[in-house]
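1. kindly generate the corresponding structure for this input.
(one chain, ligands or ions: 2)
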Amino acid sequence: MQKFNYHTHTLRCGHAAGDDEQYVKAAIAAGYEIVGFSDHSPYPGVIHPGDRMRMDELDGYLASIKGLGEKYKDRIVLKVGLEIEYFPEMEDFYRELRKVTDYLIVGQHNRILDAMEYDKWCDDEDVLYYAWQIRQCVEHGFADIIAHPDYFMLGRKGWSAACETAARDICAVSLRYNIPLELNLNGLRYGKQHYDDRVSYPYPYRPFWEIISETQAPVIYGVDAHKPMNFMEKERYVKVMEDIKDLELNFISDFRI
Ligand SMILES: [Zn+2]
Ligand SMILES: [Zn+2]
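-> Residues are numbered from 1 along each chain as shown. Ligands and ions are numbered 1, 2, ... in the order given. Presented below is the predicted three-dimensional model:
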């Protein structure tokens, strides 16, 4: 089990559960030494219950995690961040978020803010746009971790040349800026899906991870906790490797934000 985790949600996003303090207690009980909170970022002028917190919840979120960090400082190191998605019109907002958070992770779910979700449909042209969004986010300095880089497989039935191009582009920007790719421990909750060429969790999806292995882009695990008990589900570290355990991955064992 990795001793740090920078991918943790709170009930504010509308699809996670549990009190902030329960996440901290669970993480300590599971043996984590560093935990970063990265709830789904709000965006100005957007209210989308069930997807992300509201703008008026942001200050309370930051204060709550900082307060817990102080309360539990002898037992665990807490960081407060956000999971963002890259939309060109929000660049000034990301600069503001940089000032009030310890870190940001990019977990791209939507092509357009609150529309065109990649898990509902993601054709070849969408995949290339997905990779472009991640590249833009990293190149602008808005992301410290690339979450579930193979997320787009939720909206597809198979791999393609465009998927390979996207994977290589994402690996290239990861290597160039030394931004780790996340091996997400929460994709297996969807169960194994029938793809054209295999039966697999949507992520990790082996063809993507073959390219990550080949390029030796840096890798970390992410719990992507949506409830406190997710920290205790250590069997996920084994299950998530089922299809890729023979690949040599460049795990960063002491990643620090
Ligand atoms: Zn979520
Ligand atoms: Zn997440």
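2. which phi and psi does Ile220 have?
-> With angles defined as degrees, to the nearest 10, Ile220 sits at phi -130, psi 160.
3. bridged to it, which residues?
-> Beta bridges link Ile220 to Glu182, judged by DSSP bridges.
4. hang on, it packs against Ile179?
-> No: contact criterion CB atoms under 8 Å: Ile220 and Ile179 do not qualify, at 10.3 Å. Placement of C-beta: from N, CA and C, glycine included.
5. identify the contacts common to these two.
-> Ile145 (CB atoms under 8 Å, 6 or more residues apart in numbering).
6. anything in stretch 45-55 near ligand 2?
-> No: between stretch 45-55 and ligand 2, judged by CB under 5 Å from the ion, nothing touches; the nearest distance is 10.3 Å.
7. show me what counts as buried in that stretch.
-> Neighbour counts over stretch 45-55 (16 or more other CB atoms under 10 Å) mark 48, 51-53 as buried.
8. contacting residues around Phe208?
-> Applying CB under 8 Å, 6+ apart, the residues near Phe208 are 149-150, 153, 163, 167.
9. mind checking which of these are in strands?
-> Nothing among the contacts of Phe208 maps onto strands, per DSSP state E.
10. ok, these vs ligand 2, which is closest?
-> Nearest to ligand 2 among those, counting by CB to the ion, is Pro149 at 12.7 Å.
11. pLDDT at that closest one, what is it?
-> As predicted, Pro149 sits at a pLDDT of 98.
12. where's it relative to Ala131, distance?
-> 9 Å (CB to CB, to the nearest Å).
13. do Val223 as well
-> Distance from Val223 to Ala131, by CB to CB: 24 Å.
14. likewise for Lys120?
-> Lys120 is 18 Å from Ala131, by CB to CB.
15. and for Lys157?
-> 19 Å.
16. the two: who's more crowded?
-> Taking Lys157 and Ala131 together and counting by other CB atoms under 10 Å, Ala131 has the greater number of neighbours (24 against 10).
17. in which helix or strand would I find the more buried one?
-> In the assignment (DSSP states H and E), Ala131 maps to helix 124-139.
18. chain center to that helix, what's the gap?
-> Relative to its chain's centre, helix 124-139 lies at 15 Å (CA atoms, centre = their mean, to the nearest Å).
19. heads up, I number from 894, so please use that
-> Fine by me, first position is 894 from now on; the one you just mentioned is helix 1017-1032.
20. is the helix or strand that it is followed by anywhere near ligand 2?
-> Along the chain past helix 1017-1032, the next helix or strand (assigned with DSSP H and E) turns out to be strand 1038-1039. No: counting by CB under 5 Å from the ion, ligand 2 has no neighbours in strand 1038-1039; the shortest distance is 10.4 Å.
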